[in-house]
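Enquirer: only geometry, no sequence info:
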């Protein structure tokens, strides 16, 4: 065996032939940086979610953190253990050099689908869902990370919409100084905090903003600003303030209405400073669920 072939065989020994190990049952989602499938683990016979990251796009994204020893999505996801966060079973590299993540398969609707469809399953469950979403995000922050892509699409609900779990840590970074420098303009545009769009320094409060936009939409079924694709509507926030949520939900508990609007304050200093603070505040809420 040639030396080059020998070292390649050592490298491949730690890689997984996912086509051999997993039977693809359903191609669920094709994302911008990955493909997600419902699959059966041939070793355990368990139904799982199989996410395979596009190597070229992932490498391009991670180049911006070169030299910073950024953990991979799989490393981040597998370090999070909370009932409101999707459970990760395994992660690694395929024989084709792609990152892959194996997780529990969540066979329910995305919160975005329920909102867009004005689904009646939301009725009576909104307050429970917003609490669970806050608990998930609080756990991410306490683990030392910024999610950076909080939006209804990244919460998957149970079939009856009585519970949810946070997913997708593809844009997640450690909440440390070197990862919070200006310039990292990633996320979902309609939910981006103004400091992200303006390429200013960031911290976990950008997630609090995106969470606030998400629950504003959960209750009102509308965004706080005109829907767009570049984040500029959110960036204009502070010049033209969004309508108070009471305009759409006149019967909302006043403490909850105030909490939602505080989350989406244009200045990070005016928001809740942590999800734990938000959760403490809403203990006084008496939800009048629709």
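Expert: Here it is on my side, so go on. None of these values were measured; they are calculated from a predicted model. Numbers count the residues shown, from 1 in each chain.
Enquirer: using the three-state scheme, assign residue 217.
Expert: Per DSSP: H, G, I helix; E, B strand; the rest coil, the secondary structure class of residue 217 is helix.
Enquirer: in this structure it contacts residue 118, no?
Expert: No - with contacts counted by Cβ atoms under 8 Å, residue 217 stays clear of residue 118, the gap being 11.5 Å. (Each C-beta comes from the backbone N, C-alpha and C, glycine too.)
Enquirer: which one's more surrounded, the two?
Expert: Shown here are residue 217 and residue 118; by other Cβ atoms under 10 Å, residue 217 has more neighbours (22 against 9).
Enquirer: next up, the contacts around that one.
Expert: Applying Cβ atoms under 8 Å, 6 or more residues apart in numbering to residue 217 gives the contacts 115, 152, 223-224.
Enquirer: and for residue 265?
Expert: Residue 265 sits next to 209, 271 when contact means Cβ under 8 Å, 6+ apart.
Enquirer: go on, residue 286?
Expert: residue 253.
Enquirer: let's go with 10 Å and repeat that
Expert: By Cβ atoms under 10 Å, 6 or more residues apart in numbering, residue 286 lies in contact with 127, 253-256.
Enquirer: strands of the stretch 151-290 of the chain, start to end?
Expert: With DSSP state E, counting those that start in this stretch, the ranges of strands along the stretch 151-290 of the chain come out as 155-157, 164-166, 173-174.
Enquirer: a helix runs through residue 26, doesn't it?
Expert: No - assignment of residue 26 by three-state DSSP gives strand, placing it outside any helix.
Enquirer: following the lowest-mean-pLDDT helix or strand in the chain, which helix or strand comes up?
Expert: Lowest mean confidence among the helices and strands of the chain (mean pLDDT, DSSP states H and E): helix 3-13, at a mean of 38. As assigned by DSSP states H and E, the chain's next helix or strand after helix 3-13 is helix 18-21.
Enquirer: next, the buried residues of that next one.
Expert: For helix 18-21, the neighbour count (16 or more other Cβ atoms under 10 Å) marks 18, 21 as buried.
Enquirer: same thing with stretch 163-182?
Expert: Of all the residues in stretch 163-182, those buried under the rule 16+ other Cβ under 10 Å are 163-175, 179-180.
Enquirer: closest to residue 244 out of the residues you listed?
Expert: Residue 244 has its nearest neighbour among the buried residues of stretch 163-182 in residue 164, at 25.6 Å by Cβ to Cβ.
Enquirer: contacting residues for that closest one?
Expert: 84, 106, 108-111, 114, 125, 128-133, 136, 152, 154-158.
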